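Chemist: have a look at this prediction, sequence included:
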There are 2 protein chains.
Amino acid sequence: MDEEELQRREISDAHRQELNRGSVVLASLLALRNPGYGYALLETLDKAGIPVAGNTLYPLLRRLESQGLLTSEWDTTESRPRKFYRTSRDGELLARSLLAEWRRLGAAIDSLDTTEGTQS
Amino acid sequence: MDEEELQRREISDAHRQELNRGSVVLASLLALRNPGYGYALLETLDKAGIPVAGNTLYPLLRRLESQGLLTSEWDTTESRPRKFYRTSRDGELLARSLLAEWRRLGAAIDSLDTTEGTQS
């Protein structure tokens, strides 16, 4: 791969990541309506088609908890205690609002994809 | 509005903005298939339902140009020269790739919104 092609890919990957980033919070809030461990959420998101690295997701979960959007409990039934998260009432309200916003943006993007020759 | 409510709104606005941010690049690349001035693009995006501030959009346009995703020309037919932008071939390729990604993420989010009780 030549240097120009490499640079093109880096630029394109950065834009793709930026697009992904906004969806991870929404996806996490939706998925954690069913309480789950961080690792299980990672798998759920991956299976759904939203790949995210653990070292991105785990700090995000702690941040969402500190913002009151997730609650957490320790599961101490196994030898190694694990924290599981659940979407809080505030988190549910935000999830609904972000979902509506996501659909609105999707409709806007679709309209821009089909509109031609209207910009002056 | 009490302090707690104010804080809740700030958190929610920040998440909403993050969701928006990823869509502005895609929306700009789609809209600028039809060449336009920065200000006209601002209006096009706003009309489509993707509100973005000028002091966010103008630096973004310069960045996309420096990345080879937009080309620009000066229109000097009026007393005050204005720059107009157009999506380049690379920009078109990226727009198609981001559009596919956007739709994939949308499907993933829809699947998470309806799936219940599957997370272990």
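Modeler: Sure thing, it's come through. Numbering: from 1, shown residues only, chains lettered A, B, ... in the order given.
Chemist: need the per-residue pLDDT for the closest residue to A:R9 other than its chain neighbours.
Modeler: The shortest distance from A:R9 to any non-neighbouring residue, by Cβ to Cβ, 6 or more residues apart in numbering or on different chains, is to A:M1 (7.7 Å). All C-beta atoms are positioned from the backbone trio N, CA, C, and that covers glycine. At A:M1, the model reports a pLDDT of 72.
Chemist: now do A:M1 against B:S66, distance only.
Modeler: Distance of A:M1 to B:S66, given as Cβ to Cβ, to the nearest Å: 21 Å.
Chemist: ditto for A:R80
Modeler: Counting by Cβ to Cβ, the gap from A:R80 to B:S66 is 49 Å.
Chemist: neighbour count winner among those two?
Modeler: For A:R80 versus B:S66, the count of surrounding residues by other Cβ atoms under 10 Å in any protein chain shown is larger for B:S66: 10 against 6.
Chemist: returning to that earlier point: what count of nearby residues applies to the residue nearest to A:R9?
Modeler: The tally of other residues near A:M1 (other Cβ under 10 Å) stands at 8.
Chemist: next: the one 10 residues further on.
Modeler: Other residues within reach of A:I11, judged by other Cβ under 10 Å, total 18.
Chemist: mind listing what's buried along the helix or strand hosting it?
Modeler: Assigned by DSSP states H and E, A:I11 belongs to helix A:3-31. Within helix A:3-31, the residues that count as buried by 16 or more other Cβ atoms under 10 Å in any protein chain shown are A:8, A:11-12, A:15-16, A:18-31.
Chemist: determine the set of other helices and strands touching that helix.
Modeler: Judged by 3 or more Cβ pairs under 8 Å, 6 or more residues apart in numbering or on different chains; DSSP states H and E, the packing partners of helix A:3-31 are helix A:38-48, helix A:54-66, helix A:89-114, helix B:3-31, helix B:89-114.
Chemist: 6 Å instead, please
Modeler: helix A:38-48, helix A:89-114, helix B:3-31, helix B:89-114 (3 or more Cβ pairs under 6 Å, 6 or more residues apart in numbering or on different chains; DSSP states H and E).
Chemist: cool, thanks, talk later.
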